[in-house]
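[1] what follows is a predicted structure for the sequence shown.
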Amino acid sequence: MKAQLIFQEGSSNKFWHIDVQGNTYTVTYGRAGTDGTSKAKEFASPEVALKDAQKMIASKKKKGYVETSAKAVIVRDDHNFVGKPIRKFATSINPSSAVKVLSDYDEASKVSDKLERLAKLPEAQEMDTLIIGTWQDSHDPTLSPIIEKIKELKGAFSGLKHLFVGDMDSEECEMSWIQQVDYSDFYQHYPVLETFGVRTGEGLKLGNIKLPHLKNLIIETGGMNKSILNDVINSDLSSLEHLELWLGTDDYGCDIGMDELKPLLNKTYPNLKYLGLKNYHEQTELAKHLKGAPILNTVETLDISMGILKDEGAEALYNNDDLLKLKHINCRHHFISAAWQKKLKEKFASQNINLADAEEPYDEDYYYVEIGE
Amino acid sequence: MKTQNAKFLTIGNADSRRVQFWQNALSQENYSYELLSYDEVCNNVFTKIKNPTTLRITSTGEDIELKKKILKIGGCPNVDDLLFQKGLIYPNRYWYRGWCVVLEKIEKFIQQNPMLHVMNTPAAIRLAFHKLNCQKLLQQKNISTPEIILEQVLDYDSLILKLQSENIRQVFIKPYHGSSASGVMAFRQANGKQILYTTIELKPDGKLFNNLRLQKYTSISKIKTIINSMIPSGLMVEEWIRKKKFRDKSVDLRILVVDGKASFVVPRMSPHFITNLHLGNEKGKIELLKNAWGEDLIKNAETLAVRAVEAIGGLFYAGVDVAISDKGVSYVLEVNAFGDMLLGVFKEGMNTYEYELTRLMHSVRSQ
C-alpha cells in the first residue's frame, strides 16, 4: 500500500509519503520540491505494519494533510509555483526555489536591471523556474524591455523550464490594467519551456506557441479575447498536461462563447490531466457542453471554479456520467442551490467534488465571477 | 439577591445594543446601573453623582431623531428638510461639530462630579472621531500608520495632479469622520485611467448612499462627482497598504485593547481591499492566522495596538484596526473609541463586555 499526502497552508508546502512493503514501511517527508527525508520501520507482521500505517495516515489527515489525488494539483498559488516555494530575488538565489523578480513601488531598481544581476550569479545556470512579478509601480513603464531582457539572457538562463509573467495580485495591480506583450517570437529563445503562464489585462498576443515540451499552460484574465483562445487551439501542444484558462466576463473583454470553445472541447491532448476553464461568466453553458467532449478523454481533474455556475449547469454535470471517471472536480465559487449541491456531492463523492464558496447573487440577479477586474 | 455596591452610569440610548450588552454584563454581576439618555444630555439634564460611579459613554447609535438633533446642534442648515433615507450619506462635518458640543456637555458634567470614574474620556473619544487628527497624533508618537499623502483634499483636480506628479498609483481616501468603512475609497490611477472602489453609491440624481456591496467606478466623471461631493466634510489621502493575504483574501485585524492589554483579536477577511466586517466579510480564526503567519506577526500587531491606545490616553477600551502589510509590517488604520461590540468572540468564556467589566473591577480594586 502507498499513500501520498500533501500539506499546503500559508507559506508551508510539505509532502508526506508512506510505502508499505510486507512487514516494513518507509515514510518520506519534507518540503515540496526537495527529496525529503526517508525513514523505515519494521513490524512483527505485515498486518501490524499496515495497521500502523493506516493510523499514521489518519493522524496526518487530522493535521490538515490531504491525499494528492483528492486535491487539484496546483501548478500555481500565492506561495508555490510548479511545486516549488516562491522566493523573491534580492541578492542571491536558491535554484531549487521558484525565483521571483519584481520591482516594488518603493524600490529604485528596475526588473530588467535585477534580471541582469541575477544572470551574473553562477547559480543562474541551474535556475529552472522564473516568475516576473510587478513592474507596474516601478520604473519599467512597460513589460517589453523586460521580455527583451529575458530573451537577451537566454545564455545565462539556459536551464529555464518554467516561466510565469505577471504574478501580481489585486492589491498590487488591477488585473485588467496589466499590459502584456506579443510573445510570437519569444518561444524560439526558450524552446525547452515546460511551463508558460501569464496574467494579463490587455495587449497579450500568443501567436503560434512553438513549445514542443510544454506541459503547463496558464493564462489568467478577467476577460479573454477569442484570438488568445484560437492561438491556443491552433498551436501544436502535444505534450500538454495542464491547461488552465481564465476566461472572465464580457465586462472585461471576454468574447468567447460556446462557438469559440467547441473547437477546444473537441480537441484531444494525449497527456492532458488537468483542464481548467475558470473564472468564466458562461460556466453554466459550458457545463452543458462538457458531455462527450473529447478533450476530457485523458483528463483527471476538471476545474470549472471561480465562475458563474448555476443550477442548470449543476444538472448538466449531474447527468454527465462521463465525469465519474475523473479523479477530481472543482466547482468552487458557484451559485448552485443547496439541493443541487447535495445531489452533486452524492454523485461525485469519489471525485471529492469541491463545492466551497457558494455565492449569492447581489440584488437578486447580479451574478459575478471571482475575479472581475 | 444582594446588589453589589459599585455603581454604574451609562450615557446612551436604551434601545442601543451596545447599551444592552453592557447592562447585561452588569446585571449578571448584580451591579446597579443607571442610564442617562442623549436626549437628557442634549437638554443638560444631569444629576449630581454622590457615590463613586463608573461612567461609560456609548455610541449615539442609529436613532434618526438623535442624529437630526446632533446635526442641528452642529449648525447644519435645514435639518428638518433633510430626507433621512436609509443609507443616505449626510453631512458629517455638522454631525462631528454637534457631537463635539455633546461631548463638551459630558465633559463639564464629569468635571463637576469628581466621584465619576470615566472609562473612555470625552477628549479621547473626540480625537478618535477625527481620523486625521488621530492619525497625526499617532505619527507624532512614532506609532506606525499609513503615510498621510494629503491632509486635506481641496478638489478632485488638485488631487489628481498631486498623484500624477509624484507617480503615486494607488491610495486610500478617507473621510475625517464616519464609522467603519463608510465613505472609505480605494483609488487607483495610471496612464489616464482611474478606478474607485467604495461603498458609496452614486444615484442618478447625484445623491450619495452607503451600499453594503463594494461599488466600482471607472468613469472619470462619476469618480470626480463622488470625490468632490465628499470634500466638504473633509477627506484625507493615505498610502495604500497592501494587506497580507490569507487563503487569497485580504486581512486586517480588529484588536480590542482593554485596560492596556490586547484582549480580543478578530481577523477580518475579504476578497477586496476594504476589509470591514459590516460589508459582510468573513470573520476569521486567529489561530489559523498564527499557524500560517507565525505568532510574531500577530504579537507585533497587538503590541502596536496597545501602544496606539496608550498614545491617545483616556481609553479603558478601544477597537484598533491594524493592517499587516505583505512585507509583514503592522500599521494602525484607525482607533475606534466604541469598537468593542465584537459578537461571537469570547475570552476565558466572557464576551467583550463581560471581560471589560472584570478588568475594570480588577483595576478599581488594585487602585
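    Yep, that arrived.

[2] can you give me how far stretch A:56-75 is from the chain middle?
    18 Å (CA atoms, centre = their mean, to the nearest Å).

[3] quick one: contacts of that stretch?
    A:3-9, A:15-16, A:18, A:27, A:80-82, A:195, A:197, A:216, A:218, A:242, A:244, A:273-274, A:301, A:303, A:327-328, A:330, A:352, A:354 (CB atoms under 8 Å, 6 or more residues apart in numbering or on different chains). Backbone N, C-alpha and C define where each C-beta goes, glycine included.

[4] how about the residues of chain B by chain A?
    Contact residues (CB under 8 Å from any CB of the partner chain) of chain B with chain A: B:169, B:188, B:190-191, B:193, B:195, B:213, B:216, B:240, B:242-243, B:245-246, B:248, B:250, B:271-273, B:291-293, B:326.

[5] make a ChimeraX selection of the buried ones in those residues.
    Selection of the buried residues among these in ChimeraX, burial being defined by 16 or more other CB atoms under 10 Å in any protein chain shown:
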select /B:169,188,190,195,240,242,243,245,246,250,271,272,273,292,293,326
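
[6] which of the residues of chain B next to chain A fall within helices?
    B:Asn291, B:Ala292, B:Trp293 (DSSP state H).

[7] so can I have JSON lines of those showing pLDDT and distance to A:Ser176?
    Listed next are these as JSON lines, based on pLDDT from 0 to 100; distance: CB to CB, whole Å:
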{"residue": "B:Asn291", "pLDDT": "83", "distance to A:Ser176": "34"}
{"residue": "B:Ala292", "pLDDT": "83", "distance to A:Ser176": "29"}
{"residue": "B:Trp293", "pLDDT": "88", "distance to A:Ser176": "30"}
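
[8] and those residues, which is closest to chain A?
    Nearest to chain A among those is B:Ala292, at 2.8 Å by CB to the nearest CB.

[9] the bottom helix or strand of the chain by mean pLDDT?
    Here I'm looking at chain A. strand A:66-67 (a mean of 74; mean pLDDT, DSSP states H and E).

[10] please go with chain B instead
    strand B:282-283 (a mean of 68).

[11] just checking: what are the partner strands of the helix or strand where B:Met236 lies?
    If you go by DSSP states H and E, B:Met236 is part of strand B:235-239. Note on strand B:235-239: by DSSP bridges, its sheet partners are strand B:148-150 (antiparallel), strand B:170-175 (antiparallel).

[12] buried stuff in the longest one?
    By neighbour count, and taking 16+ other CB under 10 Å as the criterion, the buried residues in strand B:170-175 are B:Gln170, B:Val171, B:Phe172, B:Ile173, B:Lys174, B:Pro175.

[13] which sections of chain B are below the confidence cut-off?
    Scanning chain B with the threshold set as pLDDT under 70 gives B:1-5, B:83-84, B:180-181, B:275-282, B:365-367.

[14] repeat the analysis, applying 50 as the threshold.
    B:1-2 (pLDDT under 50).

[15] how about chain A?
    Judged by pLDDT under 50, the stretches of chain A that qualify are A:70-71.

[16] report whether stretch A:165-181 contacts chain B.
    Yes - with CB under 8 Å from any CB as the measure, stretch A:165-181 is seen reaching chain B through A:Asp169, A:Ser170, A:Glu171, A:Glu172, A:Glu174, A:Trp177.

[17] and which of the residues you listed is nearest to chain B?
    For the residues of stretch A:165-181 next to chain B, the nearest to chain B is A:Glu171 (4.0 Å; CB to the nearest CB).

[18] mind listing what the residue nearest to that closest one when sequence neighbours are not counted touches?
    Nearest residue to A:Glu171 in three dimensions, chain neighbours excluded: B:Arg242, at 4.0 Å (CB to CB, 6 or more residues apart in numbering or on different chains). B:Arg242 makes contact with A:Glu171, A:Glu172, B:Ser325, B:Asp326, according to CB under 8 Å, 6+ apart.

[19] redo these as a markdown table? Include distance to B:Cys42.
    Below are those laid out as a markdown table (distance: CB to CB, whole Å):
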| residue | distance to B:Cys42 |
| --- | --- |
| A:Glu171 | 44 |
| A:Glu172 | 48 |
| B:Ser325 | 43 |
| B:Asp326 | 46 |
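
[20] thought B:Lys244 was touching B:Ile324?
    Yes - between B:Lys244 and B:Ile324 there is a contact under CB atoms under 8 Å: 4.7 Å.

[21] identify the contacts common to these two.
    B:Val251, B:Trp293, B:Leu297.

[22] neighbours around B:Leu288, how many?
    Look at B:Leu288: counted by other CB atoms under 10 Å in any protein chain shown, it has 14 neighbours.
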